[in-house]
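> Build the 3D model from these lines:
(2 chains)
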Amino acid sequence: MEGGWVMGRTGRGRAAAARAGAGTGGGADVPAADAPQLRVVSGEFYPDWEAVYRDNVDRVYRLMFAKVGNRPDAEDLTAEVFLAALRPLRVSASAAEVRAYLFATARTVLAGHWRRTLGREITRLTDDDELELVPADDAVSSAAVGSSAAVGRAAAILAELPELYRRILELRFLDSCSVREAAAALGVSVAYAKVLQHRALRRAAQLLEVNR
Amino acid sequence: MSARGVRRFVADLLAGRRPRSFRADDTDVGPLRAAITLRAARPGSTAPGDEFVTDLHRRLAAAQTDQDVQPLPLPRPVVDGTRRRLVAATSIAAAAAAVGAVADHALTSRSPAPSRPGGQQTLLPNTGEWRTVSTSADLAEGGVRGFDLGTVVGFVARTGGALRAVSGVCTHLGCRLALNAPARRLDCPCHTTSFALNGELLRYQLAVPPPALPQLEVRETQGVVQVYAPPGPVV
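Presented below is the predicted three-dimensional model:
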């Protein structure tokens, strides 16, 4: 499979791919005029599906973990992405296109997860997330996917919170302290630590809303 | 606000458990999102576990073996040119598929693969959803189960570790197929036509052989087996 036809490496192509995957039915008929331009480039290709998997399982998992915050769900959703994507996938596409397709699938899978579990879309994969999975070049290592953005978002919120709110959230969420340990560290009662945590989360939610 | 639901969700999250489902309302979204954002920022532990990566690899390998035998029909050009033209054109289809058109299940509806005896199509509805047809436990190796989703009827079988679902309607005149379990085949009650569990035509009495049974996309997740089918009432 030398050479091969792949889509022009434009941002437009990637965004279009993401939108195609995110749709829930509808939009099935893409007008021919909107079809991406095809040209031969000597892009980077995956030799087989296993290479696709090896190169991307870490990225997809981190992306999902950043959006659900727990391992069991992140594992299930990662599995769902690969099981859904690798069946119709042809590896004759370039690495960037394969990642765009995986991202589109991940977006749909995450939306389905929230629909099933809570009935509300709590988190979603955004265009910013896509840039992390499908970088313009390979400057972004897979280790940075998801986690860097998550750390940045969390830090931004924490920085704006009043001292006690910030401390209780740091202790509970980042340092994994029990509520008892957190209460002791703050010099408050366990009952008050619970109230603090609840109020701090609501304030953090407001900040998150503003930052969006 | 579903205070209890949010509290349990956060407690599960902090304990590293799978959070329990509940009916969230609009006021729950913010706190839940904040909790996830903070938890995901916890240092370390965002990488997938080795065991998970290995296990998923094994599951994908099983699914890929299945695919190699029965590739999904991508739009293919009529074979009338040079080999070079054919290769170029199929590669275009492959690239288009890879960038997401297939994620939307759009390609085959725009350019259906030719229906000919021996050829096997995959049913990809314009609007579909993953619908459960069996639990994993009820479909052991070598097992077959019929399903009726209201919009689609069919059979799902697990053979050699791979799942396959096919339509349960005879491709001749539309009679409903019956499972002949001892012979491991699907029999048409109308004209002595039989299909294998993978949809291939086994025998027929007609002048022209009817096409193989369409396949449905099938997957296994969280202990259930699902096929991709149009939404509709469960009969």
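
> Please count neighbours and contacts with C-alpha atoms only from this point.
Noted.

> Name all residues that make contact with the residue lying closest to B:G160 once chain neighbours are set aside.
Excluding the flanking residues, the one nearest B:G160 by Cα to Cα, 6 or more residues apart in numbering or on different chains is B:E141, at 6.9 Å. By Cα atoms under 8 Å, 6 or more residues apart in numbering or on different chains, B:E141 lies in contact with B:R158, B:T159, B:G160, B:G161.

> ranges for the helices of chain B?
Using DSSP state H, the helices assigned to chain B run over residues B:3-15, B:26-40, B:50-69, B:83-96, B:107-110.

> If you average pLDDT over each of these, which is lowest?
Across those, helix B:107-110 has the smallest mean pLDDT, namely a mean of 32.

> Lowest mean pLDDT among the helices and strands, pick that one out for chain A.
Least confident helix or strand, chain A: strand A:38-40 with a mean of 26, by mean pLDDT, DSSP states H and E.

> Which strands or helices does the following helix or strand past that one pack on?
Next helix or strand after strand A:38-40 toward the C-terminus (DSSP states H and E): helix A:49-68. Contact here means 3 or more Cα pairs under 8 Å, 6 or more residues apart in numbering or on different chains; DSSP states H and E; on that basis helix A:49-68 packs against helix A:71-86, helix A:95-117, helix A:127-133, helix A:147-160, helix B:26-40, helix B:50-69.

> Only C-alpha atoms, please: export stretch A:172-188 in CSV.
Extracted in CSV, the C-alpha atoms of stretch A:172-188 (Å, rounded to 0.1, in the frame of the first residue of the first chain):
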residue,chain,number,x,y,z
ARG,A,172,-10.7,15.8,48.6
PHE,A,173,-10.3,15.7,44.9
LEU,A,174,-6.6,16.1,44.2
ASP,A,175,-5.0,14.7,47.4
SER,A,176,-7.7,11.9,47.8
CYS,A,177,-8.1,12.7,51.5
SER,A,178,-11.1,11.1,53.2
VAL,A,179,-13.7,13.6,54.5
ARG,A,180,-12.4,13.0,58.0
GLU,A,181,-8.8,13.7,57.1
ALA,A,182,-9.9,16.8,55.2
ALA,A,183,-11.8,18.0,58.2
ALA,A,184,-8.8,17.5,60.5
ALA,A,185,-6.5,19.3,58.1
LEU,A,186,-8.9,22.3,58.0
GLY,A,187,-9.6,22.2,61.7
VAL,A,188,-13.4,21.9,61.2
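
> Whether that stretch contacts chain B - can you check?
Yes. Stretch A:172-188 reaches chain B (Cα under 8 Å from any Cα of the partner chain) through A:R172, A:F173, A:L174, A:D175, A:S176.

> How is the chain divided into domains?
In the absence of a named chain, chain A is used. A:5-148, A:161-211 (automatic domain parsing).

> looking at chain B here, not the other one
According to automatic domain parsing, chain B comprises the domains B:3-40, B:74-110, B:122-229.

> hey, least reliable of these by pLDDT?
domain B:74-110 (a mean of 38).

> before we move on, back to that, so for B:P231, which of the helices and strands packed on helix A:49-68 sits nearest?
Nearest to B:P231 among those is helix A:95-117; the distance by Cα to Cα comes to 14.6 Å.

> buried residues in that closest one?
A:95-111, A:113-114 (16 or more other Cα atoms under 10 Å in any protein chain shown).

> just stretch B:130-138 next, same as before
So stretch B:130-138, judged by 16+ other Cα under 10 Å, has buried residues B:R131, B:T132, B:V133, B:S134, B:S136.

> For B:G223, state which of these is nearest.
Using Cα to Cα, the buried residues of stretch B:130-138 come closest to B:G223 at B:S136, 5.0 Å.

> Pretty sure the closest one sits against B:E220.
Yes. With contact defined as Cα atoms under 8 Å, B:S136 reaches B:E220; the gap is 7.3 Å.

> For B:A229, give me its contacts.
B:L124, B:P125, B:G128, B:E129, B:W130, B:R131, B:T151, B:V152, B:L216.

> I figured the fifth one hits B:V227, correct?
This points to B:W130. Yes. Counting by Cα under 8 Å, B:V227 is a contact partner of B:W130 at 5.4 Å.

> so who does the residue lying closest to A:L158 once chain neighbours are set aside touch?
Distance criterion Cα to Cα, 6+ apart; nearest residue to A:L158, sequence neighbours excluded, is A:R166 at 5.4 Å. Listed by Cα under 8 Å, 6+ apart, the contact set of A:R166 reads A:L158, A:A159, A:A200.

> what sits against the second one?
Just to be clear, that refers to A:A159. By Cα under 8 Å, 6+ apart, the contact list for A:A159 reads A:R166.

> For A:L207, see how far away it is.
10 Å (Cα to Cα, to the nearest Å).

> re earlier: could you dump the helices and strands packed on helix A:49-68 into a markdown table with distance to B:S194 added?
A markdown table is the format used below for the helices and strands packed on helix A:49-68 (distance: least, Cα to Cα, whole Å):
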| stretch | distance to B:S194 |
| --- | --- |
| helix A:71-86 | 30 |
| helix A:95-117 | 37 |
| helix A:127-133 | 48 |
| helix A:147-160 | 54 |
| helix B:26-40 | 53 |
| helix B:50-69 | 20 |
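
> nearest to A:V52, of those?
helix A:95-117 (7.7 Å).

> anything in that closest one near chain B?
Yes. Applying Cα under 8 Å from any Cα, one finds helix A:95-117 in contact with chain B at A:E97, A:V98, A:A100, A:Y101, A:A104, A:T105, A:T117.

> how far away is the second one from B:R18?
Here A:V98 is placed at a distance of 29 Å from B:R18 (Cα to Cα).

> same thing with the fourth one?
The spacing between A:Y101 and B:R18, counted by Cα to Cα, is 27 Å.

> need the contacts of A:R166 in a markdown table with distance to A:G187, can you?
Listed next are those as a markdown table, based on distance: Cα to Cα, whole Å:
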| residue | distance to A:G187 |
| --- | --- |
| A:L158 | 20 |
| A:A159 | 21 |
| A:A200 | 17 |
